[in-house]
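S.K.: give me the fold of what follows.
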Amino acid sequence: MELLANFFYNTGFGMADYRHLIMIAVGLFFLYLGIAKHYEPLLLVPIGFGILVGNIPVFKGLGLGIYEEGSVLNYLYFGVRKGVYPPLIFLGIGAMTDFSTLLARPRLILLGAAAQVGIFATFLGALFLGFVPKEAASIGIIGGADGPTAIFLSAQLAPHLVGPIAIAAYSYMALVPVIQPPIMKLLTNREERLIKMSDPREVSKQEKILFPIFAFLLCCFLAPAALPLLGMLFFGNLLKECLVTDRLSQTARTAVIDTVTIVLGLTVGASTQADVFLTAKSIGIFVLGACSFMVATGGGVLFAKLMNVFSREKINPLIGAAGVSAVPDSARVVQMIGNQEDPGNYLLMHAMAPNIAGVIGSAIAAGVLWSFIG
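M.R.: Numbering: from 1, shown residues only. This is a model prediction of the structure:
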């Protein structure tokens, strides 16, 4: 009986406590959302399974846990802690992105910029709640709804908070179809939601090739600390648009981004080890992240309405909600809400402009915060 008891206490069943069970339930919930509800499955399935991996109780000192030096998971987690994975994600995003809608209507860039108000509002809120400036800056970037940017900045400023910040950022990205519609409807009336926008002008191939080069120079001179993210974003886009590097572009938007997404999701999920993750700070991060995301959504919609006051050509204010950089889900939500009012109103291509601008805007905001606080 003593041998059986010792065996039991040496298994995960014997070493588990209520915190492990809570986190395993969270991991199962993420898997449910990804598989059954189709909420960002490419993100939530790896993260959800990673949460299960990270919350199997193990002996300390055997080199199994993600926070143990020399463990396999710790080596994989190196790319998160040092900010290696986010720029590679941006490379793939750049190789998949068409900036035509942004070039056709440059004024819609302002909506992507306006949505970043959530970042700075949450930064101030986190300071008010007692987080130190580096932690507050890392938490604030959740408002951009950009997981890679949130991971990158927190890895530089608050590496001890990478896990909860990454989980919060990706959770709210996945819940875009749930969080954004009520805010969009609350801040607009039916007449505004029915606004139809004219077709954008055709963008030349030369413009598409020149844009990533000059946009890179402008953005990185403005915020040099955003160089690792924006450099890879615009480089990936140049590979796509120049037409002479099709193999590289294809690799960046398939093999590279898929591989990095798998490893990033799994290790971020595994970093939610119960004894490290379940703290008062983690709960505060989730609350602030939700507020940040809602403020960002509202900021984009309200700024679109403000632009209509001074514009002859009206903008459907719904597209302001796409200013958060959850690409392309925010743009799809705009299309969905617009279609509910008028099935013949196609807003997706217009919403992609502030959506893409939001990606650039959140990276610039991260660079500004890092340069001032780092």
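S.K.: enumerate every residue touching the closest residue to residue 159 other than its chain neighbours.
M.R.: Distance criterion Cβ to Cβ, 6 or more residues apart in numbering; nearest residue to residue 159, sequence neighbours excluded, is residue 81 at 5.6 Å. For the C-beta atoms, the positions are set from N, CA and C on the backbone; glycine is no exception. Shown in contact with residue 81 (Cβ atoms under 8 Å, 6 or more residues apart in numbering): 155, 159, 162.
S.K.: can you pull the phi and psi angles for residue 167?
M.R.: In terms of degrees, to the nearest 10, the main-chain angles of residue 167 are phi -60, psi -40.
S.K.: ok, now residue 68?
M.R.: According to degrees, to the nearest 10, residue 68 has phi -90, psi 120.
S.K.: just the pLDDT for the nearest residue to it once chain neighbours are set aside.
M.R.: In this structure, residue 68 finds its nearest non-sequential neighbour in residue 74, 5.8 Å apart by Cβ to Cβ, 6+ apart. At residue 74, the model reports a pLDDT of 91.
S.K.: residue 74 and residue 296: what is the separation?
M.R.: Distance check for residue 74 against residue 296: by Cβ to Cβ, to the nearest Å, it reads 34 Å.
S.K.: neighbour count winner among these two?
M.R.: residue 296 (33 against 18; other Cβ atoms under 10 Å).
S.K.: wait, what's in contact with the more buried one?
M.R.: 115, 116, 117, 118, 119, 143, 144, 145, 323, 324.
S.K.: ok, residue 245 next?
M.R.: Contacts of residue 245 by Cβ under 8 Å, 6+ apart are residue 239.
S.K.: tell me how many other residues crowd residue 60.
M.R.: Neighbours of residue 60 (other Cβ under 10 Å): 9.
S.K.: let's have the chain start at 48 instead
M.R.: Sure, I'll start numbering at 48, so the last one becomes residue 107.
S.K.: which of the helices or strands spans it?
M.R.: Under DSSP states H and E, no helix or strand contains residue 107.
S.K.: ok, the nearest residue to it once chain neighbours are set aside - how many residues close by?
M.R.: Among residues not flanking residue 107 along the chain, residue 115 sits closest, at 7.3 Å (Cβ to Cβ, 6+ apart). For residue 115, the neighbour count with other Cβ under 10 Å is 15.
S.K.: before we move on, back to that, between the contacts of residue 128, which sits nearest residue 287?
M.R.: Nearest to residue 287 among those, counting by Cβ to Cβ, is residue 202 at 27.0 Å.
S.K.: quick check, that closest one in contact with residue 132.
M.R.: No: at 9.3 Å, residue 202 does not count as touching residue 132 under the criterion of Cβ atoms under 8 Å.
S.K.: same drill for those two, tell me which one is more crowded.
M.R.: Using other Cβ under 10 Å as the criterion, residue 202 and residue 132 rank with residue 132 on top: 26 against 22.
S.K.: correct me if wrong: that one contacts residue 198.
M.R.: Yes: between residue 132 and residue 198 there is a contact under Cβ under 8 Å: 7.1 Å.
S.K.: distance check, residue 92 against residue 376.
M.R.: The value you get for residue 92 to residue 376, if Cβ to Cβ is used, is 16 Å.
S.K.: do the same with residue 245
M.R.: 25 Å.
S.K.: pick out whichever of those two has more residues nearby.
M.R.: Neighbours per residue (other Cβ under 10 Å) separate residue 245 from residue 376, with residue 376 holding more: 20 against 9.
S.K.: quick one, phi psi at the residue nearest the centre of the chain?
M.R.: By Cα atoms, centre = their mean, the chain has its centre lying nearest to residue 193, at 2.0 Å. Here is the backbone geometry of residue 193 (degrees, to the nearest 10): phi -130, psi 100.
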